[in-house]
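# Requesting a structural model of the entry that follows:
(one chain, ligands or ions: 1)
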Amino acid sequence: MNNRNTTHFGFQEVAEDEKSQRVADVFDSVAQRYDLMNDVMSGGLHRLWKAFTIAKSGVRPGWRVLDVAGGTGDLALAFARKLGQDGQVWLTDINRSMLTRGRDRLGDEGFIVPVAQCDAEKLPFPDDYFDCVTVAFGLRNMTHKELALVEMRRVLRPGGRLLVLEFSQVWKPLAPAYDFYSFKIIPRIGQLITHDEASYRYLAESIRVHPDQDGLRLLMEQAGFERVEYDNLALGVVALHQGFKF
Ligand code: SAM
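Residues are numbered from 1 along each chain as shown. Coordinates of the predicted model:
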């Protein structure tokens, strides 16, 4: 039976069950050139944002870490390097094309990590299992963000932390230039590199309909996270939120 509830897919209002298919189409389409696009679009800045996320995680050898919506594996790779033999990082994503690329990349770097294709809204892990959960540029694409956050909290051990790296609301004076760049330039770069302008228009639109810094803090608190705080990166282009499960 069709699901009649609606949600955002960028600026469009679509049926909830249609959104997940359209998000899947986006990432199937861009998976092969996803990493190159990230470097070009952000001028390499996404590497610094991810390095900051790793630093903020406080990860220690021996920890169990879950990377949700991990895609091509940037965070999982960085965690694998830090965790040593006793620790474990799981690379997970709903999309097979992205996950396959991530698994292969980690393998090429000499890291064989457990990989699971799964929906963040229904994680196949026991309660209280991970020391740290991360989600980078993934939450925005999820149909029921609140359910995904509750799931991420469920699999965290008491005292464990969630880190959410996501596009956010840019510093107001910068907004016109940022709008120009994201609506006029990025789709063109997307067309040149991935031959898919529409997916990169979706990227720009999906950022505008995602909760801002305080909106996401509230969502995390409603999901049960405590001591929720965020750091703005690149003047709010991106924010890193963290929250704890106690
Ligand atoms: N985390 C990686 C990074 O920072 O480069 C990949 C981010 S990519 C922009 C977003 C990822 O979210 C895609 O790989 C997509 O398949 C994944 N995704 C979207 N909805 C999801 C869901 N409901 N559950 C798990 N992953 C999801």
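# you'd agree E221 is in a helix?
Yes - under DSSP: H, G, I helix; E, B strand; the rest coil, E221 falls within a helix.
# Check what pLDDT the residue nearest to it when sequence neighbours are not counted gets.
Excluding the flanking residues, the one nearest E221 by CB to CB, 6 or more residues apart in numbering is V228, at 5.5 Å. All C-beta spots, glycine's among them, are computed from the backbone N, C-alpha and C. The per-residue pLDDT reported for V228 equals 98.
# Quick check: V228 vs K145, distance?
Distance, V228 to K145, using CB to CB, to the nearest Å: 14 Å.
# Which of those two has more residues huddled nearby?
K145 (24 against 18; other CB atoms under 10 Å).
# I figured that one hits V135, correct?
No - K145 lies out of contact with V135 (CB atoms under 8 Å); the separation is 10.0 Å.
# wait, what's in contact with the residue in the chain positioned nearest to the ligand?
Per CB to the nearest ligand atom, G71 is where the chain lies closest to the ligand, at 2.6 Å. Residues near G71 by CB atoms under 8 Å, 6 or more residues apart in numbering: 27, 34, 93, 95, 98-99, 101-102, 137-138.
# Return the set of buried residues in stretch 35-48.
Applying a neighbour-count criterion of 16 or more other CB atoms under 10 Å, one finds 35, 37-38, 41-42, 46 buried in stretch 35-48.
# Keeping just the C-alphas, turn that stretch into CSV.
Taking Å, rounded to 0.1, in the frame of the first residue of the first chain, the C-alpha atoms of stretch 35-48 are listed here in CSV:
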residue,chain,number,x,y,z
ASP,A,35,34.7,12.0,-3.7
LEU,A,36,36.1,14.2,-6.5
MET,A,37,32.9,16.3,-6.4
ASN,A,38,33.4,16.8,-2.7
ASP,A,39,36.9,18.1,-3.1
VAL,A,40,36.0,20.4,-6.0
MET,A,41,32.8,21.8,-4.5
SER,A,42,34.3,22.5,-1.0
GLY,A,43,37.8,23.4,-2.2
GLY,A,44,39.0,20.5,0.0
LEU,A,45,37.3,22.0,3.1
HIS,A,46,35.3,18.8,3.7
ARG,A,47,38.5,17.1,4.7
LEU,A,48,39.1,19.7,7.5
